[in-house]
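Peer 1: Okay, sequence plus prediction incoming.
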Amino acid sequence: MTAVAPIVQLAGLRLDRGGRTVLEGIDLVVPRGSITAVLGPSGSGKSTLLAALTGELAPAAGTVEVLGAPLPRSQRALLERRKGIGVLLQGNGLLTDLTAAENIALPLRAHTRLPPPVIRRLVGMKLHAVGLRTAADLYPRELSGGMARRVALARALALDPPLMLYDEPLTGLDPIAAGVIMSLIARLNASLGLTSLIVSHHVRETLPVADRALVIANGRIVFSGTPDALQASPDPLLRQFLRGEPDGPIAFDAAARTEAA
Ligand SMILES: Nc1ncnc2c1ncn2[C@@H]1O[C@H](COP(=O)(O)OP(=O)(O)OP(=O)(O)O)[C@@H](O)[C@H]1O
């Protein structure tokens with residue numbers, strides 16, 4: 001790994017799922033420290049792209065470099081690389097019979113040999129980072145949706161990963177909780193020196209915190225640039241997407257995508 005290498009670099013990437021090509025011709029460089037909004041209609045392949053970044057989905061063609069080097073093929077090396085990638089998945093994935101603090105401690109217990117007092121201290125720091133110091137001993141059922149999302153975020157940050165991947169972090173949240181999560185994502189990115197990719201349907205909430213935007217549609221990247229350039233684009237496909245119109249150049253039926261060879 002080198003200090004100057006982009007944190008994510010994709011070249012000529014093709015991703016297949018269920019025998020079909022979901023994405024192809026994907027070239028992408030994500031600079032360190034940036035927040036990239038990954039946008040696109042439902043089923044366009046946003047989560048599939050994240051799956052390629054974590055190594056969960058192997059490329060059908062092309063290369064995936066994450067944290068300065070190609071993703072390793074061996075399962076052991078891949079698990080090691082994944083410690084540097086924090087993932088907040090759709091839904092929080094909190095274990096219901098563990099408290100907030102115990103949930104956050106899980107990755108530290110699984111992947112480090114730190115003594116319990118150090119783990120307790122690290123968990124306290126993560127809870128503090130998401131503004132939930134007083135919720136340490138609460139169970140997920142005792143948390144609001146926004147609080148549970150923040151606990152899940154603290155858990156994703158437990159191992160201090162330099163790269164954070166967010167898959168629909170606002171799903172199921174009311175507008176106030178959504179605003180809290182988005183500003184927290186932006187604040188953590190700046191204060192911890194992270195790089196973030198945010199897959200989201202919530203264009204209006206996500207673009208303001210992003211310094212780059214990608215739009216995926218019809219199996220490829222149809223826009224890569226600043227949020228301002230996206231919003232100013234006259235491209236009919238981008239206008240259709242930003243306005244949420246059903247008719248236009250974006251094909252919404254799955255049959256429109258190509259069959260994998
Ligand atoms: N495990 C899988 N096996 C087969 N096909 C899959 C699998 N996961 C996703 N797909 C297909 O891949 C395509 C892209 O799905 P993906 O979940 O990446 O889209 P998305 O843009 O994240 O959608 P959404 O915004 O609705 O979450 C879809 O056609 C989907 O049906």
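Peer 2: Okay, I see it.

Peer 1: Residue 106: helix or strand, and which one exactly?
Peer 2: Residue 106 is located in helix 100-111, with elements delineated by DSSP states H and E.

Peer 1: Off-centre distance for the helix-or-strand element of the chain with minimal mean pLDDT?
Peer 2: Ranked by mean pLDDT, DSSP states H and E, the weakest helix or strand in the chain is helix 236-243, scoring a mean of 88. Counting by CA atoms, centre = their mean, to the nearest Å, helix 236-243 is centred 23 Å from the centre of its parent chain.

Peer 1: How about stretch 235-248?
Peer 2: On the basis of CA atoms, centre = their mean, stretch 235-248 is displaced by 24 Å from the centre of the chain it belongs to.

Peer 1: What of stretch 222-234?
Peer 2: Computed by CA atoms, centre = their mean, the separation of stretch 222-234 from the middle of its chain amounts to 20 Å.

Peer 1: Stretch 67-76 now?
Peer 2: Averaged over its C-alpha atoms, stretch 67-76 has a centre that lies 18 Å from its chain's centre (CA atoms, centre = their mean).

Peer 1: pLDDT of that stretch, averaged?
Peer 2: The pLDDT scores in stretch 67-76 average 92.

Peer 1: who touches that stretch?
Peer 2: Residues from elsewhere that reach stretch 67-76, judged by CB atoms under 8 Å, 6 or more residues apart in numbering: 1-2, 5-7, 55, 63-65, 78, 80-81, 84-85, 162-163. Just so you know, the C-beta spots here come from the backbone N, C-alpha and C atoms, and that holds for glycine as well.

Peer 1: what's the answer for stretch 118-127, then?
Peer 2: Contacts for stretch 118-127 (CB under 8 Å, 6+ apart): 100-101, 104-105, 108-109, 112, 114, 133, 135-136, 151, 154-155, 157-158.

Peer 1: Now, of those residues, which are buried?
Peer 2: Buried subset of the contacts of stretch 118-127 (neighbour count, 16 or more other CB atoms under 10 Å): 100-101, 104-105, 108, 135-136, 151, 154-155, 157-158.

Peer 1: if we can go back for a sec, and the furthest pair within the contacts of stretch 118-127?
Peer 2: Of all pairs drawn from those, the greatest distance, 22.9 Å, lies between 112 and 135 (CB to CB).

Peer 1: Could you list the contact residues of this structure toward the ligand?
Peer 2: Of all the residues in the chain, those in contact range of the ligand (CB under 6 Å from any ligand atom) are 17-18, 22, 40, 42-48, 254.

Peer 1: What segments of this structure are helices?
Peer 2: For the chain, applying DSSP state H gives helices covering 46-54, 75-82, 100-111, 116-129, 145-156, 175-191, 203-206, 227-232, 236-243.

Peer 1: can you put these in TSV and add distance to residue 90?
Peer 2: Written out in TSV, the entries for the helices of the chain read as follows (distance: least, CB to CB, whole Å):
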stretch	distance to residue 90
helix 46-54	8
helix 75-82	18
helix 100-111	17
helix 116-129	21
helix 145-156	11
helix 175-191	13
helix 203-206	14
helix 227-232	23
helix 236-243	20
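
Peer 1: re earlier: what's the farthest-apart pair in the residues of the chain next to the ligand?
Peer 2: Within those, two members stand farthest from each other by CB to CB: 18 and 40, at 18.5 Å.

Peer 1: Who has more neighbours out of these two?
Peer 2: Higher neighbour count among residue 18 and residue 40: residue 40, with 23 against 6, using other CB atoms under 10 Å.

Peer 1: Nothing else from me, thank you.
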